[in-house]
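> coordinates only, sequence not included:
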Ligand SMILES: Cc1ncc(COP(=O)(O)O)c(C=O)c1O
């Protein structure tokens, strides 16, 4: 389902940073944060340890805490929801759109209460969320965190993922659309008033070596990883183009099969982190693909509201979010990473088509 890109520039950068002895808090972190924010069209950016702590940091700087509610789609990676519990607030799980699998605006609107302190909108699989999410949130003066862990390089109406909400969080986990040679993440913001708190929070709230102005901790990313991220960023547009090329080949070649194929939101550049089909007999499809030497994935088999970690949550029962629950039983991801060769793409297509016969 993935293959690493490692090149000589990444090796050279790593060697140089290693030799410099400046392993943390150096020029690479500063430059990577700024370059990433600029790429996404945000005001400021801060690299951090991973996409999960990026979400915790985002909630913290927005002042979310005990007694607050945060709206989140149940169909997402668990980190989008557990971050809310970790700041002692309550996740309110909502549906995803039947066409695009991202947070459903109406489901979100009806979940808003006077306790709603933030909304986490996930650009799941690289599909940009519906713009009305931001309009509804604005009407209610509720900040939006874009969980963009799967959205690097995606865009809607000529604006990149990460530039719509108050804060956007990213993951550079090795299988993501770009990586940093280990775990990694970033927090970017479109709001000048949040930029300093984010930067300070991930570095013990310090304004000077031994002066700690606000509550913070160590969520920093190392210099080597930031250096590697800067090299990877140079390739990102090309990789997203290649993901789109592969996805379009799948969409064309599989259009007359029994599978329900993913759709692209009008006006969007899909980041195609995952290419997700829907099939009723998923287990036999997975076996079939495996017999043809092709790996598949399920992103994700259990909706967040039905995860054991949320067993005490009031929404934790089957039937609460009917579409999400049905979707999680049908989805299966096929490889769409940019380093797939044309021959490999054809092998995937042939194998999927054979299942149909
Ligand atoms: C939607 C989503 N949010 C958050 C995360 C967490 O990122 P990380 O694994 O870097 O902590 C991921 C990573 O898989 C993700 O896919």
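Now that the structure is in, tell me what you want to look at. What you see is a predicted model, and the numbers here were worked out from it, not measured in a lab.
> and the residue of the chain found nearest the ligand, what is it in contact with?
The nearest approach of the chain to the ligand comes at residue 51, 2.5 Å away (CB to the nearest ligand atom). Using the backbone N, CA and C atoms, a C-beta is placed for each residue, glycine as well. Listed by CB atoms under 8 Å, 6 or more residues apart in numbering, the contact set of residue 51 reads 79, 147, 149, 169-173, 185.
> got the contact list for the spatially most central residue of the chain?
Taking CA atoms, centre = their mean, the centroid of the chain lies closest to residue 149, which sits 2.0 Å from it. By CB under 8 Å, 6+ apart, the contact set of residue 149 is 51, 77, 79, 122, 169-171, 173, 176, 185.
> please flag which of the contacts of residue 51 sit within strands.
When those are checked against strands (DSSP state E), the matches are 147, 169-171, 185.
> could you pick out the buried ones from these?
147, 169-171, 185 (16 or more other CB atoms under 10 Å).
> contact residues of the protein facing the ligand?
Contact residues, the chain versus the ligand (CB under 6 Å from any ligand atom): 50-52, 76-77, 79-80, 122, 147, 149-150, 171, 173, 183, 185.
> residue 90: neighbouring residues, count only.
When neighbours are defined as other CB atoms under 10 Å, residue 90 has 16 of them.
> name the nearest residue to the residue of the chain closest to the ligand, sequence neighbours excluded.
Spatial nearest neighbour of residue 51, excluding adjacent residues (CB to CB, 6 or more residues apart in numbering): residue 171 at 2.6 Å.
> distance of the nearest residue to residue 130 once chain neighbours are set aside from residue 97?
Spatially, and ignoring its direct neighbours in sequence, residue 130 is nearest to residue 105 (5.3 Å; CB to CB, 6+ apart). Look at residue 105 and residue 97: by CB to CB, to the nearest Å, they are 8 Å apart.
> between these two, what contacts are shared?
What both residue 105 and residue 97 touch, as defined by CB under 8 Å, 6+ apart, is the set residue 130.
> the strands in the protein, which residues?
Under DSSP E, the chain gives strands at 44-48, 69-73, 90-94, 116-122, 144-147, 155-156, 159-160, 167-171, 185-189, 206-208, 211-212, 268-269, 275-278, 331-334.
> comparing those, which yields the minimum mean pLDDT?
Among the strands of the chain, strand 206-208 has the lowest mean pLDDT, at a mean of 93.
> that one pairs with which strands, and in what direction?
strand 211-212 (antiparallel) (DSSP bridges).
> list the contacts of the strand it pairs with.
Contacts for strand 211-212 (CB under 8 Å, 6+ apart): 204-206.
> which parts of the stretch 201-350 of the chain are helices?
Counting by DSSP state H, counting those that start in this stretch, one finds helices in the stretch 201-350 of the chain at the ranges 223-253, 282-291, 322-330, 342-356.
> wait, the stretch 1-150 of the chain
8-20, 27-40, 51-61, 79-86, 105-111, 132-139.
> hey, which of the ones you listed is tucked in deepest?
Ranked by mean neighbour count, the helices of the stretch 1-150 of the chain are led by helix 51-61 with a mean of 26 (mean count of other CB atoms under 10 Å).
> so how far is stretch 101-115 from its chain's centroid?
Computed by CA atoms, centre = their mean, to the nearest Å, the chain-centroid distance of stretch 101-115 equals 19 Å.
> apologies, that question was intended for stretch 24-43.
18 Å.
> is it true that the residue nearest to residue 130 touches residue 134?
No - counting by CB atoms under 8 Å, residue 105 stays clear of residue 134, with 9.8 Å between them.
> burial count for the spatially closest residue to residue 315 that is not a sequence neighbour?
In this structure, residue 315 finds its nearest non-sequential neighbour in residue 305, 4.5 Å apart by CB to CB, 6+ apart. Residue 305 is flanked by 26 other residues according to other CB under 10 Å.
> what's near enough to touch residue 305?
74, 93, 313, 315-316, 320-321, 324.
> closest to residue 118 out of the residues you listed?
The nearest member of those to residue 118, counting by CB to CB, is residue 93 at 14.2 Å.
> contacting residues for the closest one?
So residue 93 contacts 72-74, 81, 303-305, 313, 315, 320-321 (CB under 8 Å, 6+ apart).
> buried members of those residues into PyMOL, please.
Entered in PyMOL, the line below selects the buried ones among the contacts of residue 93, by 16+ other CB under 10 Å:
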select buried, resi 72+73+74+81+303+304+305+313+315+320+321
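> report the two of the contacts of residue 93 separated the most.
73 and 313 (14.6 Å).
> for residue 91, which non-adjacent residue is closest in space?
residue 84 (4.2 Å).
> how about residue 128: what's its closest non-neighbour residue?
residue 156 (3.9 Å).
> try residue 44
Residue 44 sits nearest to residue 195 (CB to CB, 6+ apart), 3.8 Å away.
> cool, residue 143 as well?
residue 166 (4.1 Å).
> ok, the one you found - how many residues close by?
21.
> now do residue 292
Residue 292 has 14 nearby residues by other CB under 10 Å.
> show the pLDDT at the nearest residue to it once chain neighbours are set aside.
The shortest distance from residue 292 to any non-neighbouring residue, by CB to CB, 6+ apart, is to residue 351 (4.0 Å). If you check residue 351, the pLDDT there is 97.
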